[in-house]
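J.: whatever this is, show me its structure:
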Amino acid sequence: MRRIQSIDAFRFLAILGVIVIHTTRFKGDELKNAYDYFCVAINQGSRFAVPFFFIISGFFFAKKTSVRDSVLPVAEKILKRLGLIWLFFCMVYILPYDLFSVFEYGVAGPVKMVYWNLENIISDPVRLVFEGSKGHLWFLVSLANSVIIVTLFLRYWKANPLLPLIIVSVALYIFGLLAKSYSETPLGIHIDFNTRNGPFFSTIFFVLGYVLSYINYSQKYFAYGLMILALGYGIHFCEIYYLYSTYGVSPASHDYVVGTVLVGLGASWMALSGHPFLKITSASSIGKYTLGIYGIHFVFIDLLMHIDKQLSSPAWEIVYVGLVFLFSSGVTLIAAKYDRLKKVLI
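T.: Below you'll find the predicted structure:
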């Protein structure tokens, strides 16, 4: 399937958003001054990224499964590839790559880091299944969960499967919210499991992407998407402020709230519009490598974290994000030149 330049350009923006979130910069755990509000705006403003990735995955899944009999072969191929990518990056994060740890833990620092990581994984098999050797790999597992759920409905539900799929995905999303962002409210659910993992949030976005594949897009969808994005962010920020002011929930702790669904939808419509504004060759050329950048970027977060502990300034926070992106994209572009690595990076 040919690449869509506007989607790759948006992938570029989305992977920057992911790095902003994962570097834990602009945290804003409290709202005491203007800078705290700015930090929350940056952190939560980046939350369009993961929903966008899920939606676009669902969109392309639908394009590949235009007839019912093709669903299982396509799903099997996708699941095998996701499993390969997950195993590859699990192995990467088991390696003693954190050479700077020698300054903190001595010559054996990198080996100690590997040992502690393995010890944490072995002591928590649930984490191993849903995340792997590094927390951000949850995305691959959650995406696989969504593929399985959608495939089962498409293949075995005799009637039109879209309505029951939507009902199931909404129910999963509501449960995920009540057990996470809304857990401190009277309706909250307290369980010993991070509902960010698994199918709770990913399914609704994947199903939404599947539904969006039925639309014939034009440049006007950029404006539609922008309006929906703005509405989604309005709801999103109102929710997190309400949860903070009423229940003391940290405004930077939210992965998803109700408004995030519209945020993901708006971002996806903008990307699918093919608008000339998004036909940026430099951005789209990097955008097609976002899978590899996503997988490898925590290596550089960990390496630069030793410097991050010594510095605390807005300027460094911006530089930190930029360096992680540059190193991650550089390594990915070089590694993708090798055929055996290309399949887990693009």
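J.: residue 216: what secondary structure?
T.: Assigned state for residue 216: coil (three-state reduction, DSSP: H, G, I helix; E, B strand; the rest coil).
J.: quick one, phi psi at it?
T.: Main-chain dihedrals, residue 216, degrees, to the nearest 10: phi -90, psi 110.
J.: distance of it from residue 62?
T.: From residue 216 over to residue 62 the distance is 14 Å, taken as CB to CB, to the nearest Å. C-beta here means a position set from N, CA and C on the backbone, and glycine is covered the same way.
J.: which one's more surrounded, the two?
T.: It is residue 62, of residue 216 and residue 62, that has more neighbours when counted by other CB atoms under 10 Å, with 20 against 5.
J.: was I right about the more buried one contacting residue 210?
T.: Yes - between residue 62 and residue 210 a contact is recorded at 4.4 Å, counting by CB atoms under 8 Å.
J.: which stretches of the protein have low pLDDT?
T.: The chain contains residues with pLDDT under 70 at 1, 25-29, 67-69.
J.: 50 instead, please
T.: Judged by pLDDT under 50, the chain has no weakly predicted residues.
J.: name the residues of the lengthiest helix in the chain that are buried.
T.: Taking DSSP state H as the criterion, the chain has its longest helix at helix 220-247. Neighbour-count burial for helix 220-247, counted by 16 or more other CB atoms under 10 Å, picks out 221-222, 224-226, 228-229, 232-233, 235-237, 239-240, 243-244.
J.: cool, stretch 139-155 as well?
T.: Buried residues in stretch 139-155 (16+ other CB under 10 Å): 139-147, 149-151, 153-154.
J.: then stretch 153-172?
T.: Across stretch 153-172, burial judged by 16+ other CB under 10 Å covers 153, 154, 161, 165, 166, 168, 169, 172.
J.: what about the first one, which helix or strand?
T.: Spelled out, that is residue 153. helix 138-156 (DSSP states H and E).
J.: likewise the last one?
T.: Following DSSP H and E, the helix or strand that holds residue 172 is helix 162-178.
J.: for residue 82, which non-adjacent residue is closest in space?
T.: residue 144 (4.8 Å; CB to CB, 6 or more residues apart in numbering).
J.: do the same with residue 96
T.: residue 110 (3.5 Å).
J.: residues near that neighbour, how many?
T.: Residues near residue 110, counting by other CB under 10 Å: 17.
J.: list the contacts for it?
T.: By CB atoms under 8 Å, 6 or more residues apart in numbering, the contact set of residue 110 is 96, 97, 98, 99, 101, 102.
J.: the helix holding residue 172: what's the following helix or strand?
T.: helix 199-212.
J.: ok and that following helix relative to helix 162-178, angle-wise?
T.: Relative orientation of helix 199-212 versus helix 162-178 (axes from the mean of the first three to the mean of the last three CA atoms, to 10 degrees): 140 degrees.
J.: quick one: what helix or strand has residue 110 in it?
T.: Here residue 110, judged by DSSP H and E, is contained in helix 109-123.
J.: for that helix, buried residues please.
T.: Neighbour-count burial for helix 109-123, counted by 16+ other CB under 10 Å, picks out 109, 110, 112, 113, 114, 117, 121.
J.: nearest spatial neighbour of residue 302, skipping sequence neighbours?
T.: Closest to residue 302 by CB to CB, 6+ apart is residue 98, at 5.3 Å.
J.: for the helix or strand that comes right after the longest helix of the chain, which outside residues touch it?
T.: Proceeding N to C from helix 220-247, the next assigned helix or strand is helix 260-272, under DSSP H and E. Under the criterion CB under 8 Å, 6+ apart, residues 4, 6-7, 9-11, 14, 47-48, 51-52, 54-56, 59, 173, 204-205, 208-209, 212, 215, 217, 221-222, 224-233, 235-236, 278 lie in contact with helix 260-272.
J.: let's see it at 6 Å
T.: For helix 260-272, contacts defined as CB atoms under 6 Å, 6 or more residues apart in numbering pick out 6-7, 10, 48, 51-52, 55, 205, 217, 221-222, 224-225, 228-229, 231-233, 236.
J.: next, the angle from that helix to helix 162-178.
T.: 120 degrees.
J.: go ahead and measure how far helix 260-272 is from the middle of the chain.
T.: Centre-to-centre, helix 260-272 and its host chain are 14 Å apart (CA atoms, centre = their mean, to the nearest Å).
J.: what angle do it and helix 220-247 make?
T.: Interaxial angle, helix 260-272 versus helix 220-247 (the same axes, to 10 degrees): 160 degrees.
J.: now do the buried residues in the following helix or strand past helix 260-272.
T.: For helix 260-272, the following helix or strand on the C-terminal side (DSSP H and E) is helix 281-287. By 16+ other CB under 10 Å, the buried positions in helix 281-287 come out as 283, 284, 286, 287.
J.: cool, stretch 191-207 as well?
T.: 194-207.
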